[in-house]
Structures are given as structure tokens and as C-alpha cells.
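Trainee: fold the stuff below for me.
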Amino acid sequence: MDGLVAQAQKGDRGAMDRLVCEHYARVYRFCARRVGEAAGQDAAQETFVTMVKSIGKYAGRSSFPTWLLGVANRTCMALARKRRLEPMPLEAWHDGGTDTESAAIDRVALAQALRSLSPEHREVVVMHEVEGLRYAEIAEILDVPEGTVKSRLHHAFLNMRKQLVGGGQ
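Mentor: The predicted structure is shown next:
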């Protein structure tokens, strides 16, 4: 287990503060992609409040960032249910660089294909392709077997391919 995490588990406020500083940007991005930018700030803050309260439960079975994203995921799901929020649209995740017309059209088609997926399939695609998480990390965050993650990704990509190649037919 990470020394900083171990110090935080012993009640070291400085270690806790360093963990927040170290992981805030990633947790915020993760939350904002699920519940929007404004609610993402609330979700990120709530994630760290929960981290402080429950860091003693972290047993090191997964990496600390994976455990923390699991906390963030559950926080976002609860916040989305409470506020009836929609996930942030794929178009909003774009880095803001200039696109050719073709790339912009491709991005719109991809966003439509992604929206056509079930929430479970969309979530694993975003975690794997946008967040860059590995199957095992996604399984830990979603609390499902790794085989379920692979199956959801496989079916999501099949459905997206149908949407993109067949025009949604």
C-alpha cells in the first residue's frame, strides 16, 4: 500500500490533503463526464469527503486511484439519481482544437452512436476509451466481474459499428 495512503489512514491531515491535491483533477474530470461540469464539482467534493470518512476501509486490493474512482462513480450515480441529471454529451469532451469538417461530422456520428447504447454499455466504453482504464480497473469501479466488462465492451462496439456503418438502420 502507498505510504501516503497509509499515513492518511492513521489520521495524518497533511497526507490526506496531499491525496486530494494529487487526485483532484482526475476525479473532477471523471465526475464531470458523468454529471456535467457544475454537478461534477459537487460530485468531486463529495467524493473526497467520502474518501476522508472511509479511507480506513481501503484495503489495497486495487490501486488507490481505482478505489477512489469507484467512490466517485457511486457518488455520481447517487447525484444523478437525486438531481435527475443526464451525462455530459460527448461533444463537450472534445479538447477544443480545430476540426476539419469531416472530423466534426465523425465526432457527431460517434456521439449519436454512443447515445444509442444502454447506460451500462456507454459507461464501459467511456471508462475504457475516454478514461483509458483497464478491464480490471473498470470491473473494480463498477463492482462487476472482468468478463462482464469485456462482454459489455464487445456488445457496445458491435452496436456502435451497426450505428456508424449502417446509419442506425
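Trainee: would you mind measuring from Ala39 to Gly147?
Mentor: From Ala39 across to Gly147, the span is 32 Å (CB to CB, to the nearest Å). (Glycine included, C-beta is placed from N, CA and C.)
Trainee: cool, Gly14 as well?
Mentor: 41 Å.
Trainee: what's near enough to touch the spatially most central residue of the chain?
Mentor: For the chain, the residue nearest the mean C-alpha position is Phe30 (4.2 Å; CA atoms, centre = their mean). Shown in contact with Phe30 (CB atoms under 8 Å, 6 or more residues apart in numbering): Leu69, Ala72, Asn73, Cys76, Glu131.
Trainee: so how many other residues sit close to Gly132?
Mentor: By the measure other CB atoms under 10 Å, the count of residues near Gly132 is 8.
Trainee: and it, its phi and psi?
Mentor: Main-chain torsions, Gly132, degrees, to the nearest 10: phi 80, psi 20.
Trainee: rewinding a little: can I get the contacts of Phe30 in TSV including neighbour count?
Mentor: Below are those laid out as TSV (neighbours: other CB atoms under 10 Å):
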residue	neighbour count
Leu69	26
Ala72	27
Asn73	22
Cys76	26
Glu131	15
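Trainee: just to check, Trp24 is in contact with Ala44?
Mentor: That one is not Trp; residue 24 is Tyr. Yes. Here Tyr24 lies in contact with Ala44, judged by CB atoms under 8 Å, at a distance of 6.7 Å.
Trainee: pick out whichever of the two has more residues nearby.
Mentor: Ala44 (25 against 14).
Trainee: for that one, give me its contacts.
Mentor: Contacts of Ala44 by CB under 8 Å, 6+ apart are Tyr24, Val27, Tyr28, Cys31, Ala32, Ala72.
Trainee: quick check: it vs Val108, distance?
Mentor: 28 Å.
Trainee: farthest-separated two in the contacts of Ala44?
Mentor: By the measure CB to CB, Tyr24 and Ala32 form the most distant pair in the contacts of Ala44, at 11.9 Å.
Trainee: what residues of stretch 148-158 count as buried?
Mentor: Thr148, Val149, Arg152, Leu153, Ala156, Phe157 (16 or more other CB atoms under 10 Å).
Trainee: next step: those restricted to helices.
Mentor: Filtering the buried residues of stretch 148-158 for membership in helices, criterion DSSP state H, returns Thr148, Val149, Arg152, Leu153, Ala156, Phe157.
Trainee: what segments of this protein are helices?
Mentor: Going by DSSP H, the chain shows helices at 3-9, 13-35, 37-54, 64-83, 101-115, 119-125, 135-142, 146-166.
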